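**Student:** the following block contains a protein sequence and its predicted model.
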Number of protein chains: 2
Amino acid sequence: MPQGQPSVVPDDGLTTRQRRNRALVMVHTGMGKGKSTAAFGLALRAWNQGWPIGVFQFVKSAKWKVGEENALRVLGASGEGGSVDWHKMGEGWSWVQRDSQQDNEEKAREGWEQVKRDLAAETYKLYVLDEFAYPMHWGWVDVDEVVEVLRGRTGTQHVIITGRNAPEKLVEFADLVTDMSKVKHPMDAGQKGQRGIEW
Amino acid sequence: MPQGQPSVVPDDGLTTRQRRNRALVMVHTGMGKGKSTAAFGLALRAWNQGWPIGVFQFVKSAKWKVGEENALRVLGASGEGGSVDWHKMGEGWSWVQRDSQQDNEEKAREGWEQVKRDLAAETYKLYVLDEFAYPMHWGWVDVDEVVEVLRGRTGTQHVIITGRNAPEKLVEFADLVTDMSKVKHPMDAGQKGQRGIEW
């Protein structure tokens, strides 16, 4: 809830308007809930602006994100607002399923290569790189390269990266970083996840 | 990203299934971004489950939440998923516009009375009480009454409350509490809010 009063006015040679419309790199990290849900909530705003949106889901599950995926598909096809492309990293890839790690690493890297191609082509105005913090944290995708590619991206391309353990170099580079911390979770009281809430 | 392993199994006389489907009170608080966006992201999951959703917007602004509002209206009218009712507290009400506080207090209380009526009638399966932490924090709406009403609600009615400074009594009562803390914000670097990102 910004009050519209920046705390500093930098000497960066940009006008207020230029600075305002500068594309952002955003990171949602921490151990709490809401990292991905807030990213998809932000996608609603981008959709309402008519922006083309690319979701890159660096996780695979039968349940996770199916609500968000269906909702964004309906929105993208509604004829109002922006378009939505939903990319799922190789269907066998998952941060949970660690049994074939080499395969998972490969698919994470393939996903990142696709993101690079789309950034170079300026395919989208908003990129949701969901759970992308994990492959960086595990060293499967080189964070230095990610920062370099993001720094060099052209046009107006906003990028949101979610996931626990966002690498420090990414946090340093990002424009907006929010840490979601768990104060209390139903699982602490023995309650498992339920439909409509966890997926 | 729950792993499906609750840390305790309480002696509450409920089966795992009963406990799993128990309706939740969720709170998104803290000084960072994402409190409301995560709530609206969660609404996408509820929509996908076909649940009737009631949004109660305890804030008024020409810009805020317009993206989420349009998206949820399109989803609610799509013929797929659940229905969406979007309630705006008296058009003159806002937590920023403090010049007519008495009027604002009155409208916040009217909003809460409407929530109470809908809870009693089991109108919705998900209630998004957006920015509702503020009127409680300011004492406009009595937090003890809120907790009492939420505790006594019937059926399966999930409630999400957002806003900074969630009262301690609400946090104690809630099932799931996430604190969104600001690590870094573009405004710190002199960048004002922009369309598609802040609204």
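**Tutor:** Arrived safely, thanks for sending.

**Student:** which residue ranges of chain A form strands?
**Tutor:** Ranges of strands in chain A, per DSSP state E, are A:25-29, A:53-57, A:84-88, A:126-130, A:158-162, A:176-184.

**Student:** can you list these in a markdown table and add mean neighbour count and mean pLDDT?
**Tutor:** Placement of C-beta: from N, CA and C, glycine included. Output for those, formatted as a markdown table (neighbours: other CB atoms under 10 Å in any protein chain shown; pLDDT from 0 to 100):
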| stretch | mean neighbour count | mean pLDDT |
| --- | --- | --- |
| strand A:25-29 | 26 | 95 |
| strand A:53-57 | 24 | 95 |
| strand A:84-88 | 19 | 91 |
| strand A:126-130 | 27 | 97 |
| strand A:158-162 | 27 | 97 |
| strand A:176-184 | 21 | 89 |
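
**Student:** among the ones you listed, which is nearest chain B?
**Tutor:** Chain B lies closest to strand A:176-184 among the strands of chain A, at 3.7 Å (CB to the nearest CB).

**Student:** the closest one and chain B, any residue contact?
**Tutor:** Yes. Against chain B, strand A:176-184 shows contacts by CB under 8 Å from any CB of the partner chain at A:176-184.

**Student:** return the set of buried residues in stretch A:68-77.
**Tutor:** A:68-72, A:74-76 (16 or more other CB atoms under 10 Å in any protein chain shown).

**Student:** those residues in helices, which ones?
**Tutor:** A:68-72, A:74-76 (DSSP state H).

**Student:** so which of those comes closest to B:Glu172?
**Tutor:** A:Glu68 (30.2 Å; CB to CB).

**Student:** distance of the closest one relative to B:Phe40?
**Tutor:** From A:Glu68 over to B:Phe40 the distance is 11 Å, taken as CB to CB, to the nearest Å.

**Student:** thinking again about what came up before, so which of the buried residues of stretch A:68-77 are also by chain B?
**Tutor:** Of the buried residues of stretch A:68-77, the ones that also sit near chain B (CB under 8 Å from any CB) are A:68, A:70-72, A:74-75.

**Student:** A:Glu80 - how many residues pack around it?
**Tutor:** Look at A:Glu80: counted by other CB atoms under 10 Å in any protein chain shown, it has 14 neighbours.

**Student:** would you agree it is in contact with B:Val74?
**Tutor:** Yes. A:Glu80 is within contact range of B:Val74, at 5.8 Å (criterion: CB atoms under 8 Å).
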